[in-house]
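# A structural model of the following input is requested.
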Amino acid sequence: MLQSLSIIILGGFSTMASCFLCPLCHTCRMVQRPSPIPKIIHHGDKQLRTAIRCFSTLKDGDEKVTGNVVSPLSSFGEDNSGESGGGFTGSDNSSATSSSTTSTSRAVNSIASLNGNKLTQPLTPPGPETFPAWSYEPRPFFHFELLYESKKSLARVGRIHTPHGIIDTPGYVSVATNAALKGVDFRDADSTGQQLIFCNTYHLLLQPGTDVVEGAGGLHNFINRKDGPLITDSGGFQVFSLAYGSVHEELSTGGELKRASQKKNGRDFNENAVKVNEEGVLFRSYRDGRKIPLTPESTVQAQKAFGADIIIPLDELPPYHIDDAILRDSVERTHRWEARSLKEHLKNVRNQAMYCVIHGGLNRQLRKESVNYLTSLPFDGYAIGGSLGKNGDELMELLGWMMPMFNEDGSNSSGEVMQGHVNRRNKPRHLLGIADEPSILGAVRHGIDTMDSCYPTRLSRHGTLLSREGKVHIKSGRYSRQYGVPVDRECNCSTCLHYDRPYLWHLFKAKEPVFVQLATIHNLQYMNDLMEKQRQMILEGKI
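Next up is the predicted model:
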């Protein structure tokens, strides 16, 4: 028995010299020590002896394999080796030899799977067949109504029906980071035609907390916006921003995407800020320094408490500069996290829709794999995420070759959807974090339905107003004597109807807080007017 077991172990550790993470063999740091330690550590293979000795000396806080699926120790740092059903049993030295052999076999299988051995494949994401049949049925509370498709491009006009209102597409989504738009009240935003608003789970977790929002009856009650749809993210973007530095969120005012990271390796980040393993992410609060775990399940539970109409699963956001092998590892982990998020969501749907997040950076093969896998699962819509390029040109190039995949409807010559195929046309598509004017014009032509960004509100705070004649940098003295001239002569927002450029110039120069309110109202109106014009141009066959 020991002889045959040794052969299996030798096969499992045949590539041990090339492992990563642990100073000795790295992989075995992912396995909790079995008890008792198997007696085959005296085997003649030097690498094998090193490996088994390595995982026999693990300390609290290291990771383990539970049931052949990698997970962290309890709370990302407490040993739970005696836990029922978890990993290896906490038996003592009086255990029978068969128990030792069983524990050893489980260790071998777990380590071998982490090394690519074919003994087991615990990290393979679940297939479509693992989700209940009812989850693939249309949602009575949420659906995308496709009204018109352009004959000149992939542009289309539609309507997203949600429990709290309709979203006309293509449409701009404003960002209310802390459940508040910067500088304006939600009533002001609604008056500009703003429909869907984005709130950030990461910030709401830290302040005021899920219990406060849930106690109010959810975000719609908490912010008193009961007739407007809301979307929340998983919190992953902000967490990985802590790890990788400044990751792109949207095009800057200069028109270039923020680089995710200038570092050449994809795993070089501040270990004290964020720790990542298969279970999820452990990060430190920027408010008080406490450690907070974020898992696929916990972020869905938080978004259930918030009650947004559309929610997003947990995903890993790698930097722009990253090795292809590490990017693949990140994409595959994201697929597993998103599948776990979806399963948690389906336990209690609560009239909420969940979008998947397509990943793969600029790698065409990984993007294709991500599209094919995630669209095969019962998500309600598709979000485009991950690194989208270092500038607008790369973003448009990516959308150019990727978005046609979302027009595949899986139908035969009779128009019937074939078994095992998904009609991707009938679900909404959202571009995450990119919504400046040039990107909007390009994204609409590539079939994007909605896009979010804090672009217009951020411009407002820095004294830039959008107009059909170009950007108005109101701090310039040239506007101080343009009496009677509004920011935009064609705009019907309250700011343009009541105030001229010289007064706004004065408010900005005097640092009067009301300037931010007036400027933001105008910029939101401009963005929503821009989207209305795009819809009309599509319907008229001009796009």
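# Now do the contacts for residue 444.
Shown in contact with residue 444 (C-beta atoms under 8 Å, 6 or more residues apart in numbering): 155, 170, 534, 538, 543. Using the backbone N, CA and C atoms, a C-beta is placed for each residue, glycine as well.
# Check which helix or strand it maps to.
When elements are assigned from DSSP states H and E, residue 444 belongs to helix 437-445.
# List the buried residues for that helix?
The neighbour-count check on helix 437-445 (16 or more other C-beta atoms under 10 Å) flags 437, 439-440, 442-445 as buried.
# do stretch 325-345 as well
By neighbour count on 16+ other C-beta under 10 Å, the buried set for stretch 325-345 is 327-345.
# Now go through those residues and say which are in strands.
The strands, defined by DSSP state E, take in nothing from those.
# residue ranges with poor pLDDT in the stretch 201-350 of the chain?
Applying pLDDT under 70 to the stretch 201-350 of the chain picks out residues 242-272.
# Tell me where the longest helix sits in the protein.
Taking DSSP state H as the criterion, the chain has its longest helix at helix 514-539.
# quick one: low-confidence ranges for the stretch 1-150 of the chain?
1-122.
# go again using 90 as the cut-off
For the stretch 1-150 of the chain, applying pLDDT under 90 flags the ranges 1-123.
# And the strands in the stretch 251-400 of the chain, which stretches?
For the stretch 251-400 of the chain, the strands defined by DSSP state E, counting those that start in this stretch cover 274-277, 280-284, 291-294, 310-311, 353-358, 381-384.
# what does the last one contact?
Taking contacts as C-beta under 8 Å, 6+ apart, the residues outside strand 381-384 that touch it are 144, 160, 310, 312, 353-358, 374-375, 399, 402, 406, 424, 427-432, 448.
# Now for residue 378: which residues touch it?
When contacts are counted by C-beta under 8 Å, 6+ apart, residue 378 touches 128, 131, 135-136, 342, 346.
# now, the most widely separated pair of those?
Maximum pairwise distance in these, criterion C-beta to C-beta, is 12.9 Å, between 128 and 346.
# What count of nearby residues applies to residue 426?
Applying other C-beta atoms under 10 Å, we find 14 residues neighbouring residue 426.
# So it sits against residue 145, correct?
No: with contact defined as C-beta atoms under 8 Å, residue 426 does not reach residue 145; the gap is 9.2 Å.
# For stretch 408-424, measure first residue to last.
Separation of the first and last residues of stretch 408-424 by C-alpha to C-alpha, to the nearest Å is 6 Å.
# roughly how far apart are residue 212 and residue 286?
According to C-beta to C-beta, to the nearest Å, residue 212 stands 19 Å off from residue 286.
# do residue 222 as well
Distance, residue 222 to residue 286, using C-beta to C-beta: 22 Å.
# Repeat that for residue 388.
Going from residue 388 to residue 286 by C-beta to C-beta gives 25 Å.
# With neighbour numbers in mind, choose between the two.
Neighbours around residue 388 and residue 286, counted as other C-beta under 10 Å, are more numerous at residue 388. The numbers are 26 against 12.
# any idea how far residue 541 is from the residue lying closest to the more buried one once chain neighbours are set aside?
Spatial nearest neighbour of residue 388, excluding adjacent residues (C-beta to C-beta, 6 or more residues apart in numbering): residue 395 at 5.0 Å. Distance of residue 395 to residue 541, given as C-beta to C-beta: 25 Å.
# Which of those two has more residues huddled nearby?
Legend: neighbour count by other C-beta under 10 Å for residue 395 and residue 541, higher for residue 395 (24 against 10).
# ok, the more buried one - contacts?
When contacts are counted by C-beta under 8 Å, 6+ apart, residue 395 is found next to 257, 388-389, 434, 439, 442.
# rerun at 7 Å
If you count contacts by C-beta atoms under 7 Å, 6 or more residues apart in numbering, residue 395 has them with 257, 388-389, 434, 439.
# Can I take it that residue 148 is in a helix?
No: according to DSSP: H, G, I helix; E, B strand; the rest coil, residue 148 belongs to no helix; its state is strand.
# That one and residue 169 touch, don't they?
No: with contact defined as C-beta atoms under 7 Å, residue 148 does not count as touching residue 169 (10.7 Å).
# quick one: average confidence on the helix holding residue 444?
Mean pLDDT, computed over helix 437-445, is 96.
# counting contacts, what elements does the helix or strand following that helix pack onto?
Where DSSP H and E defines the elements, the next helix or strand beyond helix 437-445 is strand 450-453. Under the contact criterion of 3 or more C-beta pairs under 7 Å, 6 or more residues apart in numbering; DSSP states H and E, strand 450-453 touches strand 171-176, strand 429-431.
# The same query, at a cut-off of 10 Å, please.
Contact here means 3 or more C-beta pairs under 10 Å, 6 or more residues apart in numbering; DSSP states H and E; on that basis strand 450-453 packs against strand 165-169, strand 171-176, strand 197-199, strand 381-384, strand 429-431, helix 437-445, helix 514-539.
# Quickly run through the sheet partners of it, with directions.
Note on strand 450-453: by DSSP bridges, its sheet partners are strand 171-176 (parallel), strand 429-431 (parallel).
# Select, out of the ones you listed, the one closest to residue 515.
strand 171-176 (18.6 Å).
# relative to strand 165-169, how tilted is that closest one?
Relative orientation of strand 171-176 versus strand 165-169 (axes from the mean of the first three to the mean of the last three C-alpha atoms, to 10 degrees): 120 degrees.
# Show the subsequent helix or strand relative to strand 171-176.
Counting by DSSP H and E, the element after strand 171-176 in chain order, helix or strand, is helix 186-191.
# ok, and for that following helix, which residues are buried?
Neighbour-count burial for helix 186-191 flags 186, 188-190 (criterion: 16+ other C-beta under 10 Å).
# Output that helix as PDB, nothing but the C-alphas.
This file holds the C-alpha atoms of helix 186-191, laid out as PDB (Å, rounded to 0.1, in the frame of the first residue of the first chain):
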ATOM      1  CA  PHE A 186     -31.000  62.900  -6.100                       C
ATOM      2  CA  ARG A 187     -34.000  65.100  -7.000                       C
ATOM      3  CA  ASP A 188     -31.700  67.400  -8.900                       C
ATOM      4  CA  ALA A 189     -30.200  64.400 -10.700                       C
ATOM      5  CA  ASP A 190     -33.700  63.000 -11.500                       C
ATOM      6  CA  SER A 191     -34.600  66.400 -13.000                       C
END
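# Just the residues contacting it, thanks.
Helix 186-191 is contacted from outside by 174, 176, 179-181, 184-185, 194-195, 197, 223-225, 227-228, 457, 493-495, 517-518, 520-521, 524-525, 528, using C-beta atoms under 10 Å, 6 or more residues apart in numbering.
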